[in-house]
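Student: Predicted model follows, preceded by the sequence.
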There are 4 protein chains.
Amino acid sequence: MKDILNVGIIGAGRIGKVHAATLAYRIPAARVLAVADVDLAAAQALAAKHQIPCASADHRDVLNNPDIEAVLICSATDTHARFTEEAALAGKHIFCEKPIALDLAEIDRTLATVAQAGVKLQVGFNRRFDANFRRVRRAVESGEIGQPALLHIISRDPAPPPIAYVKVSGGMFLDMTIHDFDMARYLVGAEVDEVYTQAAVTVDPAIGEAGDVDTALIVLRFADGVIGTIDNCRRATYGYDQRVEILGSKGSIATGNNYPNAAVVSDAASVRRDLPLNFFMDRYTESFAVEVAAFVDAVLHDKPVPVGGTDARVSVAIGLAAARSHREGRPVKVREMG
Amino acid sequence: MKDILNVGIIGAGRIGKVHAATLAYRIPAARVLAVADVDLAAAQALAAKHQIPCASADHRDVLNNPDIEAVLICSATDTHARFTEEAALAGKHIFCEKPIALDLAEIDRTLATVAQAGVKLQVGFNRRFDANFRRVRRAVESGEIGQPALLHIISRDPAPPPIAYVKVSGGMFLDMTIHDFDMARYLVGAEVDEVYTQAAVTVDPAIGEAGDVDTALIVLRFADGVIGTIDNCRRATYGYDQRVEILGSKGSIATGNNYPNAAVVSDAASVRRDLPLNFFMDRYTESFAVEVAAFVDAVLHDKPVPVGGTDARVSVAIGLAAARSHREGRPVKVREMG
Amino acid sequence: MKDILNVGIIGAGRIGKVHAATLAYRIPAARVLAVADVDLAAAQALAAKHQIPCASADHRDVLNNPDIEAVLICSATDTHARFTEEAALAGKHIFCEKPIALDLAEIDRTLATVAQAGVKLQVGFNRRFDANFRRVRRAVESGEIGQPALLHIISRDPAPPPIAYVKVSGGMFLDMTIHDFDMARYLVGAEVDEVYTQAAVTVDPAIGEAGDVDTALIVLRFADGVIGTIDNCRRATYGYDQRVEILGSKGSIATGNNYPNAAVVSDAASVRRDLPLNFFMDRYTESFAVEVAAFVDAVLHDKPVPVGGTDARVSVAIGLAAARSHREGRPVKVREMG
Amino acid sequence: MKDILNVGIIGAGRIGKVHAATLAYRIPAARVLAVADVDLAAAQALAAKHQIPCASADHRDVLNNPDIEAVLICSATDTHARFTEEAALAGKHIFCEKPIALDLAEIDRTLATVAQAGVKLQVGFNRRFDANFRRVRRAVESGEIGQPALLHIISRDPAPPPIAYVKVSGGMFLDMTIHDFDMARYLVGAEVDEVYTQAAVTVDPAIGEAGDVDTALIVLRFADGVIGTIDNCRRATYGYDQRVEILGSKGSIATGNNYPNAAVVSDAASVRRDLPLNFFMDRYTESFAVEVAAFVDAVLHDKPVPVGGTDARVSVAIGLAAARSHREGRPVKVREMG
């Protein structure tokens, strides 16, 4: 058993920086040997910050480095599948940000390559590693609330992304809800059989003009009979709203939001708290660190990764079904998507 | 303007007793002159308890009493339409427990009779008078949370009713959810255009054998674009769960449950509260009193009743649409129901 | 055993009206036969409202009424002792608002008269009958939190009373804190041995000019070693603040305030609730009804009253000790007060 | 302006490890050049873990290192004053864990040496850097709650320390309450004038036999008239209880505890949360990192330290006054302590 995992990072953007900092400061068992970004200056800046020996504009410099055993793919979404395939062919274990691709055939091809290469592939559904949602999963797994019957996920952003982003995002169901589809499967521990979508544009007409929606309610019917809902909105004025609730035969469990402090102010106007954490990087800070630690641990000790390629594929399939349900105004079986 | 309203009560069962006590103890502006119940002993007991001068086994003794200006119809559901028509023909103002009937044609006939008679008809959707839900409605009406986009109603009973009751209840959508359909319309202030139902039997197989469901998730699409859900279950082990939440363009409002006290116990096991109020009569005590006071006030001062015959009809129409959606596995327009 | 208790009320002011309404509407086992008030019009108005047969300007008309078995003394504080003695001599059972008197010798004389007459005397410490505080007492009595070690009472008024009232109130310790002294004894179930007071004028200098304080922290040392504090302030901008907390060897119990609804609003400014109930009559509505019901029950069924003359005496003794501690700047034994 | 501060650590025990990790992982602007501990193996282990170049059994090896500009004194309490003086004489800036000493004369001598040397001295009152308490301080400073009138601090440990520790701790007031004295001064922004203590042994008789108490209520009278209390107990079965509350002329602010998650479970027994964080290192993790970052920042950019030598002295003086109040059963002026 090795003690230290040598890692490379592809992509020095927002999430690449987060993972680099985690590896540098919080995971003594990992060492970052190289970082690549099409923006060489970004790669160099990140390398300088964390004493990473190599910085490059070419991701192949990471993949060809024989000392590197595992890579984190944090580049643009449309490169995920290709880089994952290349990394697999180079024999590297892979942590890839979600989604691998928005096309099921492309995902299938990628997963086949990964399987053939015999490397590990973990997908970046970080929310599974959040303390609140882990607690909910534990309540289900342990039988604390009995057999689940009804699930609700509320997942609202503080404010919509730029329209330019919306246009290339693949649509809200594949860009935003995809996290919630994975969360639903994770919490219930069963597969989604059928999806029904009601969606609207209530936040910004420009989102509608871009062919997308900004407000949605998706009903999930699980194979084991559980009924779930996902509530999405691109705007919650009060902050980042991330809650789940499950009713089971023995009881329920519900999570609240996370706050910057536990203070309550009472005055002549109201009894109030400060707003919940507003930015996903603040809200999910810990989960990003824990998921990368889990990946490093899985590779170093040859354990199964906690979130695999199938999880990536299924979430996309549900997202495609949700989009079809919205287009066609009817419930859609996930298996219709192929 | 009169000072005192003379009232008769038809039905001395559970809800008849509640209204009689309210009239006797909490509404000085009303006086109960007669009570009727097919079970004469029940009528007599109630009369004795509150010094009501007349008790009878025949509801016509109430309707024929010339001193009585208004009647409360608290008898079995299958008598509501008939007694309402008879009361209208007798020129009495009417407070009728919900539902008037489970059949739209019967409701229409009844409402026509009421309209022709020119009497007032208030329907017993008591929850509109609950302090929590009134506060939510106020937040919508006042613009405090902006334009509503998403609504959630959670409405769960502590435990299922007897199977004998389930068999004659008209089904969960017309028996239990009907309150939530009315609540949804009341809170949003718009009409429901389309309904989609996912339902299951998770509590008691005998309920399924009786042809009903005990767990449901209903999606409402309102005419103004608001998307809503209703979560119903016949069993919540922790008590009577009655909550709503609305997300609007400026913010959200959410209600919690009502508790018997505001104490929190912390020990080596947990930080906890006692269970929420378990029984609908405890949870909604105040709302029953306020709705009857509002009826008395509307009659005495010739104001519009706060919940009318149309509200009764529409809730049944939505319930029938929800049941059809469940049977046919597709979204159903409320107007399909006629 | 009798079924109905005939009652008279002396004093038709604020609290007299509350008790009259309770007796009229909520306690079928009681009947009010007479009401007296030095302001005859007030007595007559109250009599008219609740169909009380006799109204008088002279309390002796109540005491001399042979049909009356019990009286509620709701008149001005400086008449409590005298009327209690007169009622005892007339053989009536007595419910007397707190305090009986502010002078221990006067209280002792009154209690001696009551004892000699063999009538029951209950004192109006209504807060003992509040659901929150009863729950706390139950946690102590049942051993749920083990042996108490530390007690905190927070008792703050929304706004100070008029200066004219302050001047005749007997001082904050005997006017306001007296409720908390009784609550402390009730919750802990032990006697207070020593008192230490820190007090100040922070709300209104005019209160200081009237020789009183408006802000105080009182430390109680109980005979069984429990240490307690009472936090009093004549102004809490957010409403009526009434909380207690006890730490015991097995855990703690703490109560929150009571609110008009259970709604939470989240917007761009804060996550907030409406203010807690602001007026003591709203906050303690139920407790006023329950204490009178308990009195009626104790008299009708010859049970011990739940709050007796000793409770009234001891609270005054602690209040006098608290005032002395404040004057002399040292801890004071309650037994120093006689 | 320099970019990197070279630091030495004296003491490789519990808190030394925490600060070393903070410096290694979270403060890029600091570099640890040496660590010393009388237990050489402990120093070496810590050095190995964080790539610290020098490990020694002699603190003078740290103080004599000419590259080191600042030292963190994390050694046993009885060495704090001596090491602080030595470090000052060596011209190092100093971060010293609380307390510097338990004797005012010794503190004064140490502070004089520090002043003469012209180095910075920050004292380890980490709680000032906690998000909850910072929020409270901000509410006071900004005028959000107006002029403070009443302050309450609740500070309870989950379980008592070993008796061996109790015996050398200096007593609860100087070991545990000292944090709360500092917090009280920090939150109110004024000095404590007088102290009154009620204390008891309720947790473990062995603590009493060791001459200490385990349960206390301390009343603080501030120079500006604010009245405060500190509630201390060596045992709270439900976890580490760290709360404050301030009532001001415009409103109040109160903090709750910190929890491992925001989940609520409801079942047939209760509505409950998991226990609050139990261990001070979990509860105050962030505050330890923030205080060290503030120290590094103050030294690097020649700013005033946020918690200085006077703060250390005053807290000890209040602690000695609290102990005397307990011994003598009377309020004690802090200035009596010299």
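Tutor: Received the coordinates, thanks.
Student: Extract the CA atoms of stretch A:14-21 and return them as CSV.
Tutor: C-alpha atoms of stretch A:14-21 as CSV (Å, rounded to 0.1, in the frame of the first residue of the first chain):
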residue,chain,number,x,y,z
ARG,A,14,-13.0,27.8,-10.5
ILE,A,15,-13.5,24.2,-9.5
GLY,A,16,-9.9,23.3,-10.4
LYS,A,17,-8.7,25.9,-7.9
VAL,A,18,-10.9,24.5,-5.2
HIS,A,19,-9.6,20.9,-5.7
ALA,A,20,-6.0,22.1,-5.9
ALA,A,21,-6.3,23.9,-2.6
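Student: and that stretch, is it in reach of chain D?
Tutor: No. Applying CB under 8 Å from any CB of the partner chain, one finds that stretch A:14-21 is not in contact with chain D, the shortest distance being 9.3 Å. C-betas here are computed from N, CA, C, even on glycine.
Student: and A:Asp67, what does it touch?
Tutor: By CB atoms under 8 Å, 6 or more residues apart in numbering or on different chains, the contact set of A:Asp67 is A:Asn6, A:Leu33.
Student: Kindly provide the distance from it to A:Lys92.
Tutor: Going from A:Asp67 to A:Lys92 by CB to CB, to the nearest Å gives 11 Å.
Student: Ok, A:Gln198 next?
Tutor: From A:Gln198 to A:Lys92 the distance is 43 Å (CB to CB).
Student: Going along the chain, name the strands of the stretch 51-200 of chain A.
Tutor: Assigned by DSSP state E, counting those that start in this stretch, the strands in the stretch 51-200 of chain A fall at A:54-56, A:70-73, A:93-96, A:121-123, A:148-156, A:192-200.
Student: Nearest the geometric middle of chain A, what residue?
Tutor: A:Phe125 (3.0 Å; CA atoms, centre = their mean).
Student: Quick check: chain neighbours aside, which residue is closest to that residue?
Tutor: Nearest-residue entry for A:Phe125: A:Asp182, 4.5 Å, with adjacent residues in sequence omitted and distances by CB to CB, 6 or more residues apart in numbering or on different chains.
Student: if I pick the residue in the stretch 1-150 of chain A positioned nearest to chain C, what's in contact with it?
Tutor: Of all residues in the stretch 1-150 of chain A, the one sitting closest to chain C is A:Asn132 (16.6 Å; CB to the nearest CB). Applying CB under 8 Å, 6+ apart, we find A:Asn132 in contact with A:Gln242, A:Val244, A:Thr255, A:Gly256, A:Asn258, D:Asn261, D:Ala262, D:Ala263.
Student: Neighbour-wise, which one of those residues leads?
Tutor: Within the contacts of A:Asn132, A:Gln242 tops the neighbour count with 28 neighbours, counted by other CB atoms under 10 Å in any protein chain shown.
Student: I'd assumed A:Ser155 was in contact with it.
Tutor: Yes. The criterion here is CB atoms under 8 Å, and A:Gln242 meets it with A:Ser155 at 5.9 Å.
Student: what do the two both touch?
Tutor: With CB under 8 Å, 6+ apart, A:Gln242 and A:Ser155 have no common neighbours.
Student: about what we covered before: and which of the contacts of A:Asn132 is nearest A:Leu220?
Tutor: A:Val244 (12.6 Å; CB to CB).
Student: tell me the SS of the closest one?
Tutor: Following DSSP: H, G, I helix; E, B strand; the rest coil, the label given to A:Val244 is strand.
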